[in-house]
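*Asks:* prediction below, plus the sequence it came from.
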Amino acid sequence: MDKVITFVSAKEAVNNFLSNEFESFPKKLNSQFLNFFSELSTYEEEGRKLRPNILFTNAIDYICKTIPNAYKIEMFSDEADVMFNYRIKKLAPFTHHDWVIYVNIKDDVITYGICTVLNSIKEESFKKLIFSSPILKDRSDKISLVYVEPISNYSIILDSLKGETLSVNNTLDEAKINDWQTEIKEFVDASFSKLKTTEKKLNEIKTLYENIFDNVFKNVNGALCVIVDKDYVDNGFFSDGVWLKEPISFSKLFLRSKAFNESKLVGFCNLFMDMLDSDGITIIDNTGRIRAYNVFVESSNKNFNITGGARKRAAYTVINSRRKRIVGIYFQSHEGELFYKPVKK
């Protein structure tokens with residue numbers, strides 16, 4: 001008899017996670033969500049890849065009232081619990097620009113809609129504001145809340161207001177299982193290691209970069225970003241690329257004055273993401289300035305044991321280069337594998 005291996009244990013873990021947060025989660029809704037769960041990380045709508053975030057709660061009005069600048073749009077209201085798949089498919093296209101689908105379950109009525117926080121691009125995301133809110137945490141005994149976030153083609157994370165986290169991963173490659181938020185934070189810290197400013201302004205610009213790379217991770221098919229020292233002068237290693245005559249400095253956009261132009265900031269953030277989405281390497285320095293893009297390096301013969309495509313071989317060529325004043329590299333694959341590694345010394 002053939003041996004059959006399934007992900008039943010993952011299904012049971014998700015089911016238990018929901019049950020622990022919601023004492024009376026509707027059975028049919030639970031069944032539909034579990035059936036839909038495997039589609040979340042590879043969901044497509046008319047050829048466009050989406051990673052819809054879903055917020056299950058019993059207190060969407062209170063949450064949006066508590067989080068500053070939060071906004072919600074209710075779309076559907078059902079007394080039955082059999083419409084989940086249909087409602088999610090109708091709402092998923094709106095999640096491409098950071099709107100979150102909410103499913104509010106209260107008094108035998110299920111309402112569906114979308115919500116977000118309408119703040120500056122340099123401020124924290126809706127999810128981070130929810131889970132850092134002391135008001136919401138203090139009411140975690142009364143508020144049921146599960147945040148479902150597909151973060152790659154093979155990984156979905158569930159977080160609860162009670163502080164529990166469940167990571168469901170369907171890859172057999174342990175190298176691909178890492179804490180992507182920690183990797184991005186290490187990269188961002190290295191990107192501003194030599195920027196001199198106040199602690200408040202440094203935190204603001206780091207939050208901006210974290211928001212940019214959260215978006216890159218979720219919406220860009222692959223990226224390479226190298227950090228060099230602020231005094232780096234290329235001697236030919238990165239010569240095959242476009243070096244900016246005047247580096248783009250986010251610090252000059254809003255750190256040196258009390259007021260800043262949000263439209264200009266968003267415009268440069270989008271430009272940065274487009275550079276990261278292009279072929280080759282984007283180069284920044286450790287004061288956060290964008291120095292070059294569309295840069296290519298000749299892959300080293302030492303990388304023949306590296307499993308992956310040209311992007312990963314290029315990443316390890318930089319890592320193993322041992323060149324002075326090259327700090328490290330951010331790597332992101334088409335499938336969602338991500339890491340930040342310093343250059344070997």
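*Replies:* Structure received. Residues are numbered from 1 along each chain as shown.
*Asks:* run through the stretch 201-345 of the chain and note the low-pLDDT ranges.
*Replies:* 254-260, 300-308 (pLDDT under 70).
*Asks:* then the stretch 1-150 of the chain?
*Replies:* 1-8.
*Asks:* select the longest helix from the chain.
*Replies:* Longest helix in the chain, counting residues (DSSP state H): helix 199-219.
*Asks:* would you mark the buried spots in that one?
*Replies:* 202, 204-218 (16 or more other Cβ atoms under 10 Å). For every residue, glycine as well, the C-beta is placed using N, CA and C.
*Asks:* how about Glu23, nearest residue that isn't a chain neighbour?
*Replies:* Distances taken as Cβ to Cβ, 6 or more residues apart in numbering place Ser144 nearest to Glu23, at 7.8 Å, with adjacent residues excluded.
*Asks:* if I read this right, Asn211 contacts Asn119, doesn't it?
*Replies:* No. Asn211 lies out of contact with Asn119 (Cβ atoms under 8 Å); the separation is 10.4 Å.
*Asks:* just the element for Glu149, please.
*Replies:* Assigned by DSSP states H and E, Glu149 falls within strand 145-152.
*Asks:* note down every partner strand of whichever helix or strand comes after that strand and its orientation.
*Replies:* Heading C-terminal from strand 145-152, the first helix or strand you meet, by DSSP H and E, is strand 155-160. Strand 155-160 has the following sheet partners, assigned by DSSP bridges: strand 145-152 (antiparallel), strand 165-169 (antiparallel).
*Asks:* tell me which of those sits most buried.
*Replies:* Of all those, strand 145-152 has the most neighbours on average by mean count of other Cβ atoms under 10 Å, namely a mean of 22.
*Asks:* surely Ile114 is in a strand?
*Replies:* Yes. Read with DSSP: H, G, I helix; E, B strand; the rest coil, Ile114 is one of the residues of a strand.
*Asks:* who touches it in this structure?
*Replies:* Lys72, Ile73, Met75, Leu91, Phe94, Thr95, Trp99, Val100, Ile101, Tyr102 (Cβ atoms under 8 Å, 6 or more residues apart in numbering).
*Asks:* and if you look at Lys11?
*Replies:* Taking Cβ under 8 Å, 6+ apart as the contact definition, Lys11 lies against Leu34, Phe37.
*Asks:* mind checking the SS state of it?
*Replies:* On the three-state scheme (three-state DSSP), Lys11 is labelled helix.
*Asks:* next one: stretch 26-41 to chain centre, how far?
*Replies:* 22 Å (Cα atoms, centre = their mean, to the nearest Å).
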